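Trainee: Here is my input, please return the structure:
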Amino acid sequence: MDLLARSNDALKANPVTGVDEALAAHGSDWLWAVMAIYIMALFGCLVMSFTGKEAERVFHYLFTFILLVGAITYFAQAADLGWSPVVQTDKLGNGTIRQILWVKYINWVVAWPSLALCLGLISGGSWTTIICNIATALQWPVCYLVGAFVTTSYKWGFFAFGTFGWLILAMSTINESRESAQLLGVDNDYIVLSVWLNVLWSLYPIAWSLSDGGNVIGITGAFVFFGILDVLMVPGLAFVVLFLSRKWDYRHLSIAFSDSRPSREMEVAAAFKPENSGSNA
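Mentor: As a prediction, this is how the structure comes out:
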């Protein structure tokens, strides 16, 4: 029995037909590996949530959600599911049918706004700014998704709108929110996180232009690029946030949300106040 025999039969179970550029077996192997990283990070995040105080689990819960969605979308991609054939036309008018795995955009639609929320909670910025950043982080991948399915050069219009949304997001998360974080005394940690995230975000326009946009690199090469970015952005950033958050004062940052509800002891004490009890006279 050959123990080294290939066990990944995803492309046989879910074959790709009618396309010129499609996911290769090695690309599927890579996507399974990325999914495994997401799952390990997910369980690590869950374990760490049990060791923290109840009022200090907001980032554990947030990253648990992001990692779970990421693991699901990478499972779909590794299994060669969630894709559509799209004709890519070059400057000479030659058409190439490319396999567009749209399920990766679902991952970004969930992850990017959630990460914008994470930075907003850390910085202590206004909810107006946080909501604006979340909306902008949602608009960006949606524009890229629409552009991926446009078969003419007009796709670059959607690319421009999406990338412009990231520029607005970058200015807000690096400049405006940093000023709020400075007032709370967490500006050094915030700068590390915001620069980390925006450096990675700045590479997605390049990756999209070379793959779903310009059809310069193949499907497998594109997913190696996207996979590295996604791993550094979500599992990587998750543990950096959880590590740094151990020294933060959640009450000072106004994110100790479970502390906002009255404790059971306070409720009982209030019920037995003298003015609440009946007179014995």
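
Trainee: Just the buried positions in stretch 226-239, please.
Mentor: By neighbour count on 16 or more other CB atoms under 10 Å, the buried set for stretch 226-239 is 226-227, 229-231, 233-238. Using the backbone N, CA and C atoms, a C-beta is placed for each residue, glycine as well.

Trainee: and it, how far from the chain's centre?
Mentor: In terms of CA atoms, centre = their mean, to the nearest Å, the gap separating the centre of stretch 226-239 from the centre of its chain is 8 Å.

Trainee: picking up where we left off before, need the buried residues of stretch 226-239 in CSV (columns: distance to L23 and pLDDT).
Mentor: Listed next are the buried residues of stretch 226-239 as CSV, based on distance: CB to CB, whole Å; pLDDT from 0 to 100:
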residue, distance to L23, pLDDT
F226, 12, 97
G227, 12, 97
L229, 18, 98
D230, 16, 98
V231, 18, 98
M233, 21, 96
V234, 21, 97
P235, 22, 96
G236, 24, 96
L237, 26, 95
A238, 27, 95
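
Trainee: with the residues you listed in mind, which one is nearest to G185?
Mentor: The nearest member of the buried residues of stretch 226-239 to G185, counting by CB to CB, is L237 at 21.1 Å.

Trainee: if we can go back for a sec, in strands, which of the buried residues of stretch 226-239 fall?
Mentor: With DSSP state E as the criterion, strands contain none of the buried residues of stretch 226-239.

Trainee: now these in TSV, with distance to T129?
Mentor: Shown next, in TSV, are the buried residues of stretch 226-239 (distance: CB to CB, whole Å):
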residue	distance to T129
F226	28
G227	31
L229	25
D230	26
V231	28
M233	21
V234	22
P235	27
G236	25
L237	20
A238	23
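
Trainee: Tell me which two of those residues sit farthest apart.
Mentor: F226 and A238, at 17.7 Å, using CB to CB across the buried residues of stretch 226-239.
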